[in-house]
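need a structure here:
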Amino acid sequence: MRAGLIIVGVILIGLGLWVTLGNGSYQKTDTVASLGPAKIEATHDKAIPQWVGIAGIVIGGIVAVAGIARKQ
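Numbers count the residues shown, from 1 in each chain. The predicted model follows:
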């Protein structure tokens, strides 16, 4: 269980750093116009907010430290 917590913590830290450095994004599709059954849609790439990355780093650090400090 200790090793699992440490691994999850390190993964969260890595993903948090990835997002914080501006590499995380997702696609959002919006309907621009609609006329009967026909639709015009636009897809935009949006960046994941930086606070999500910072939260991932903090939570990952807490989980990793909990895994290290956990008694066997």
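
and the host helix or strand of Lys28, what does it pack onto?
Per DSSP states H and E, Lys28 falls inside strand 25-35. For strand 25-35, the packing partners by 3 or more CB pairs under 8 Å, 6 or more residues apart in numbering; DSSP states H and E come out as strand 38-47. In short, each C-beta sits where N, CA and C put it, glycine included.

how many other residues sit next to Lys39?
10 (other CB atoms under 10 Å).

Might you report the residue contacts of Ala33?
Applying CB atoms under 8 Å, 6 or more residues apart in numbering to Ala33 gives the contacts 39-40.

can we see that at 6 Å?
Ile40 (CB atoms under 6 Å, 6 or more residues apart in numbering).

Name the residues linked to it by a beta bridge.
Ile40 (DSSP bridges).

One more: Tyr26?
Applying DSSP bridges, one finds that Tyr26 bridges with Lys46.

What distance do you get for the residue lying closest to Gly4 once chain neighbours are set aside to Gly14?
Leaving aside its sequence neighbours, Gly4 sits nearest to Gly67 (CB to CB, 6 or more residues apart in numbering; 7.3 Å). From Gly67 across to Gly14, the span is 15 Å (CB to CB, to the nearest Å).

So for the two, which sits in the more crowded spot?
More crowded of Gly67 and Gly14, by other CB under 10 Å: Gly67, with 18 against 13.

Find the helix or strand that that one is a member of.
helix 50-69.

got the phi/psi numbers for the residue lying farthest from the centre of the chain?
In the chain, counting by CA atoms, centre = their mean, Gly36 sits farthest out from the average C-alpha position, at 37.4 Å. With angles defined as degrees, to the nearest 10, Gly36 sits at phi 60, psi -130.
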